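> What shape does this take:
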Amino acid sequence: MSEIEEEMNLVLREAGIPLKVVFKPKKEKRSHGEIDLDKGIIYIYDADREEAWQTLAHEVVEFHFSNYLDSLQEFTAGLMKLVLKLFSSLKEEAVELTAQSLRKIFEVKGRKGEFEPTRRGD
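Okay, the predicted model is just below:
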């Protein structure tokens, strides 16, 4: 374990952040760092010390926001289920009212001998 990795892990422990840092500097990188929540690891790819600390700060902030985003995602999924259930119920109500109206129309028209109503499946 490198010195900077030890320092970063100490800072996380003292701050009560339940993650570990793995310092993996890369010459060619697509990002400065990333969090693997399943493993509880923050990967830091910056070779420059100052940039590495800035990346750690960024990833810690992202970690804290991810908790809120997960909650928001669960909330919106639940809300969407509720809305779909409501609209499904309203649709069924509208279908039944329309069917009742059409049955009345067919009944009246049928009495006049104009046509026979036919019923189709729901």
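
> Which parts of the chain are strands?
Taking DSSP state E as the criterion, the chain carries its strands at 20-23, 33-36, 41-44.

> What's the local residue count around residue 27?
For residue 27, the number of neighbouring residues by other Cβ atoms under 10 Å comes to 6. C-beta coordinates here come from the backbone N, C-alpha and C atoms, glycine included.

> I'd like the strands of the chain as a markdown table, with mean pLDDT, mean neighbour count and distance to residue 56 appended.
Below are those laid out as a markdown table (pLDDT from 0 to 100; neighbours: other Cβ atoms under 10 Å; distance: least, Cβ to Cβ, whole Å):
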| stretch | mean pLDDT | mean neighbour count | distance to residue 56 |
| --- | --- | --- | --- |
| strand 20-23 | 97 | 20 | 7 |
| strand 33-36 | 95 | 16 | 7 |
| strand 41-44 | 97 | 20 | 6 |
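
> and the residue positioned nearest the centre of the chain, how far is that from residue 79?
When Cα atoms, centre = their mean is applied to the chain, the residue found nearest the centroid is residue 73 (3.7 Å). Using Cβ to Cβ, to the nearest Å, we find residue 73 at a distance of 11 Å from residue 79.

> quick one on the thing from earlier: now the strands of the chain as JSON lines including distance to residue 109?
Putting the strands of the chain into JSON lines (distance: least, Cβ to Cβ, whole Å) gives the following:
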{"stretch": "strand 20-23", "distance to residue 109": "77"}
{"stretch": "strand 33-36", "distance to residue 109": "68"}
{"stretch": "strand 41-44", "distance to residue 109": "73"}
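
> Tell me which of these sits nearest to residue 93.
Closest of these to residue 93 is strand 33-36, at 47.2 Å (criterion: Cβ to Cβ).

> what does that closest one rub up against?
19, 41-46, 55-56, 58-59, 62-63, 66 (Cβ atoms under 8 Å, 6 or more residues apart in numbering).

> Show the pLDDT at residue 70.
The model reports residue 70 with a pLDDT of 83.

> and what of residue 117?
In this prediction, residue 117 has a pLDDT value of 53.

> Distance check, residue 43 against residue 55.
Residue 43 is 9 Å from residue 55, by Cβ to Cβ.
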